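**Student:** Sequence plus predicted model, see below.
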Amino acid sequence: MTTNSQLTRAASSFVLEDLGEVRPGISRSELVELVAHHLDRGQHSEARTLSLAAYSENPKDNDVRAIYAFSWLPLEPRRSREIISETGNTKNMSSAVRDINLATSFLIEGNLDGARSTIAGISTIADGSDVPAWLWDPKSLTSHPQVAFMSPTTWIESSPVSSAAGQQSLASEL
């Protein structure tokens, strides 16, 4: 049996979808901007709260799923990886960015082999997806995770798993 609360929530979701909004008054592109703004300023809790609210309203929207998984990566790497794996590419998450986010989840867990195998498939970016995006800075993952606006190639080059010396360095920090 459907409750009044469930009907209200379903109707609300359809209205937001018709308006192109993921939260009342917030479009997908505005959600990306707001979450990136908070993450860039180190306001991770605010970014997670905002992305969780949008995800709660739109759990099947791939853009919202990607934003939610990205903002929660440092705290919930396994769950974020599951969501990213299920979501696929979106307007804001090219195949290269998707794979970088998956590699990031492995790095956060200290799984160098998982990160290495994930970035091995994107070492040569040929599909035009090497466009700068907000990514978790791989150099910050063992201390205080921070986002940076960089290309997937730059992320790979600065990643601790891209060289033998970087692998040893990360392993000793973990």
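**Tutor:** Thanks, I have it.

**Student:** The closest residue to residue 97 other than its chain neighbours: neighbour count?
**Tutor:** Nearest in space to residue 97, with sequence neighbours left out and distances taken as C-beta to C-beta, 6 or more residues apart in numbering, is residue 133 at 4.9 Å. Every residue, glycine included, has its C-beta placed from N, CA and C. Residue 133: 23 surrounding residues under other C-beta atoms under 10 Å.

**Student:** now swap in residue 59 and tell me
**Tutor:** Around residue 59 there are 12 residues (other C-beta under 10 Å).

**Student:** what sits against the residue nearest to it when sequence neighbours are not counted?
**Tutor:** In space, and not counting its chain neighbours, residue 59 is closest to residue 65: 7.2 Å by C-beta to C-beta, 6+ apart. Residue 65 sits next to 55, 59, 83, 86, 87 when contact means C-beta atoms under 8 Å, 6 or more residues apart in numbering.

**Student:** Three-state assignment for the second one, please.
**Tutor:** Reducing the assignment to helix, strand or coil with DSSP: H, G, I helix; E, B strand; the rest coil, the entry for residue 59 is coil.

**Student:** Please report how far residue 84 lies from residue 101.
**Tutor:** 5 Å (C-beta to C-beta, to the nearest Å).

**Student:** hmm, who's touching stretch 130-143?
**Tutor:** Against stretch 130-143 from outside (C-beta under 8 Å, 6+ apart): 36, 39-40, 70, 73-74, 92-94, 96-97, 100-101, 104, 107-108, 145-155, 158-161, 170, 173-174.
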